[in-house]
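>>> got a sequence here, can you model it:
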Amino acid sequence: MIGKILAVFRYELKQSFGIGPTIIWLLIILFPSALQLLINSRLGGAGNVAIEDAGMLVVVLIPGAVCLLNALMSMSSFLHIELEGNTWPYVAVRSQGKVALMFGKYLVAVTRSMAAGMFALMLMMPLTSHALETDFGLLVGVTAALVVLSSVSYCSLFCMLGVIMHKRPLIMAVIYMVAFEGVISILPAVVNKITIHYYLRSMLVRWMDWRIFDLPILSDPNIFSLESNTPLDLFFLAAINVFCLVTAATLLVNREYRVGEAI
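Presented below is the predicted three-dimensional model:
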């Protein structure tokens, strides 16, 4: 089984670096730096940005946007592509072919998402607030850890959504992204605990030990899990990942898909 997954991974990783996907991948990587340059020009320099604002912007744009968008583009339509390309019958008749395909493409999506996040971090950090100089190393380490967690988690989520809603995966994934990760995750209510971004930003604030509640948009402590602890947050993230991957694999094995059904 592992050999089959790795075979799919190697093949799909090579295929993922075509001209079109690579251009989109690079544009997503460059987006945070471009936005940071625009902010610096409007405010008269990076040093005029508060440390908490600059740090939160780094985490929102890289683990929260770059990794999320790469996961969405790479993973949400993996089944749709196989059905539309008429390659699904060849996968389905092979022993453990469906699951091997899913996990192989999942590893490719995670790899591309992590790489994009790390490159975006290296490009953006030199442009951020000079006030971050005292916490520069810590913020880089924390953001890198969140890039890994974000990539693994969002790829798991979009893998499940891609299996459940395989006919219009990108549309439904974007709706989910805006509704849940964009709106519900910042609501001061219990429902925000089902979103991935809730746990990512909570770990950021806890690890950086920042006083952020003076900022108007972050004044409500209910949008963080500060009363919790990191092991518990990691447990909930792991539970979300396991649930998404097990659900996706179960549906993939037990449901029947027809060639051309996605069109």
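>>> host element of the residue nearest to the spatial centre of the chain?
For the chain, Leu68 is the residue whose C-alpha lies nearest the centre (C-alpha atoms, centre = their mean; 3.0 Å). Using DSSP states H and E, Leu68 falls within helix 67-75.
>>> could you export that helix as PDB, CA atoms only?
C-alpha atoms of helix 67-75 as PDB (Å, rounded to 0.1, in the frame of the first residue of the first chain):
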ATOM      1  CA  CYS A  67      -1.400  27.400   2.400                       C
ATOM      2  CA  LEU A  68      -5.200  27.500   2.200                       C
ATOM      3  CA  LEU A  69      -5.300  28.500  -1.400                       C
ATOM      4  CA  ASN A  70      -2.700  26.000  -2.400                       C
ATOM      5  CA  ALA A  71      -4.600  23.200  -0.600                       C
ATOM      6  CA  LEU A  72      -7.800  24.400  -2.300                       C
ATOM      7  CA  MET A  73      -6.300  24.400  -5.800                       C
ATOM      8  CA  SER A  74      -4.400  21.100  -5.400                       C
ATOM      9  CA  MET A  75      -6.800  18.900  -3.500                       C
END
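>>> mind listing what's buried in the very next helix or strand once past it?
Of the helices and strands lying after helix 67-75 in sequence (DSSP H and E), the nearest is helix 78-84. Neighbour-count burial for helix 78-84, counted by 16 or more other C-beta atoms under 10 Å, picks out Phe78, Leu79, His80, Glu82, Leu83, Glu84. From N, CA and C alone the C-beta is placed, and that goes for glycine too.
>>> pull up the gap between the second one and Ile240, please.
Read it as Leu79. 20 Å (C-beta to C-beta, to the nearest Å).
>>> enumerate every residue touching the nearest residue to the residue nearest to the centre of the chain once chain neighbours are set aside.
Ranked by C-beta to C-beta, 6 or more residues apart in numbering and with sequence neighbours excluded, the top spatial neighbour of Leu68 is Tyr154, at 5.1 Å. Going by C-beta atoms under 8 Å, 6 or more residues apart in numbering, Tyr154 touches Cys67, Leu68, Ala71, Leu72, Met75, Ser113, Ile196.
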